[in-house]
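S.K.: What follows is a predicted protein model with its sequence.
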Amino acid sequence: MVAERASTLASLREWLWKYGPRVFIEKSAQKLLRLAGLKQASRGAPGRRLRAAGKQGVTPAVDFPVRFVDSHNSPECVELVRSLRPDALVLRGCGILKQPILAAARLGAINPHYASLPAYRGVDVTEWAALHGDPVAVSVHFVTEQVDTGAVIVSRQIIVEPGDTTGRLRDKSAAAAAELLAEALNKLEAGATPSLAAPGVVGRQYFSMHPRLRRLADLRLKGL
């Protein structure tokens with residue numbers, strides 16, 4: 001895994017904005033409980049832990065080395081990724097990437113986007129779709145230098161339920177994205193490539209949503 005360096009405070013602020021206070025607190029508590037569970041489990045014998053996990057039908061987590069870079073577009077990052085010789089790049093929470101890093105993998109790069117494409121390109125698209133009363137979705141697409149214009153590989157609509165907020169829909173989208181990424185990678189392994197996929201159509205690009213508009217989006221969801 002290759003990640004950009006970022007301050008903890010900035011990351012926490014971003015999480016708080018994206019998920020809202022309620023979901024942010026829930027996710028933070030869940031993470032602390034997981035960390036406490038891992039710490040408790042580490043006191044036992046490794047063999048016993050793995051056997052117990054197997055009995056419960058849970059696959060033990062695999063630890064991946066994490067390398068930090070100042071920028072995903074830096075020559076350092078491009079050289080690092082090339083040295084790994086990946087078949088495909090899987091992006092999560094990246095900024096706009098340039099061609100050298102996008103071309104570092106044999107099959108290119110894919111990204112989970114929390115909205116329908118090409119209708120909702122850009123950022124805060126879960127919130128914009130909710131504000132407009134349109135379906136909320138997750139789309140996994142090939143990445144190009146233009147914002148969210150690559151061909152869509154797989155997509156799924158997110159069910160909006162009573163009590164959902166934009167933060168809750170983002171949380172649902174994150175869970176769906178993990179499943180869709182696996183599905184997209186299976187398609188790539190089976191032979192899907194950017195040249196074989198249907199060409200993307202450029203739609204409207206959205207930008208950061210003002211907090212007042214986000215509150216309106218949440219109010220609209222309450223009326224569903």
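M.R.: Happy to help now that I have it. Values in this document were obtained by computation on a predicted structure and should not be read as measured data. Numbering: from 1, shown residues only.

S.K.: could you list every residue that touches Gln99?
M.R.: Residues in contact with Gln99 (C-beta atoms under 8 Å, 6 or more residues apart in numbering) are Glu145. For every residue, glycine as well, the C-beta is placed using N, CA and C.

S.K.: Return the distance of it relative to Ser11.
M.R.: Distance, Gln99 to Ser11, using C-beta to C-beta, to the nearest Å: 27 Å.

S.K.: And Asp87, how far from Ile110?
M.R.: Taken as C-beta to C-beta, the span from Asp87 to Ile110 is 11 Å.

S.K.: the more surrounded of the two?
M.R.: Between Asp87 and Ile110, counting by other C-beta atoms under 10 Å, Ile110 is the more crowded of the two (24 against 11).

S.K.: quick one, phi/psi of the more buried one?
M.R.: phi -120, psi 160 (degrees, to the nearest 10).

S.K.: and Ser11, how many neighbours does it have?
M.R.: Residues near Ser11, counting by other C-beta under 10 Å, number 11.

S.K.: Secondary structure element holding it?
M.R.: Per DSSP states H and E: Ser11 is located in helix 8-41.

S.K.: and that helix, which residues are buried?
M.R.: 15, 18-20, 23-24 (16 or more other C-beta atoms under 10 Å).

S.K.: any idea which helix or strand comes after the lowest-mean-pLDDT helix or strand in the chain?
M.R.: In the chain, the helix or strand scored least confidently by mean pLDDT, DSSP states H and E is helix 46-55, which has a mean of 36. The helix or strand immediately downstream of helix 46-55 is strand 67-69, counting by DSSP H and E.

S.K.: Output the contacting helices and strands for that following strand.
M.R.: The helices and strands touching strand 67-69, judged by 3 or more C-beta pairs under 8 Å, 6 or more residues apart in numbering; DSSP states H and E, are strand 2-4, helix 75-84.

S.K.: Out of the ones you listed, the one nearest Ala174 is which?
M.R.: Comparing the helices and strands packed on strand 67-69 against Ala174 with C-beta to C-beta, the closest turns out to be strand 2-4 (16.8 Å).
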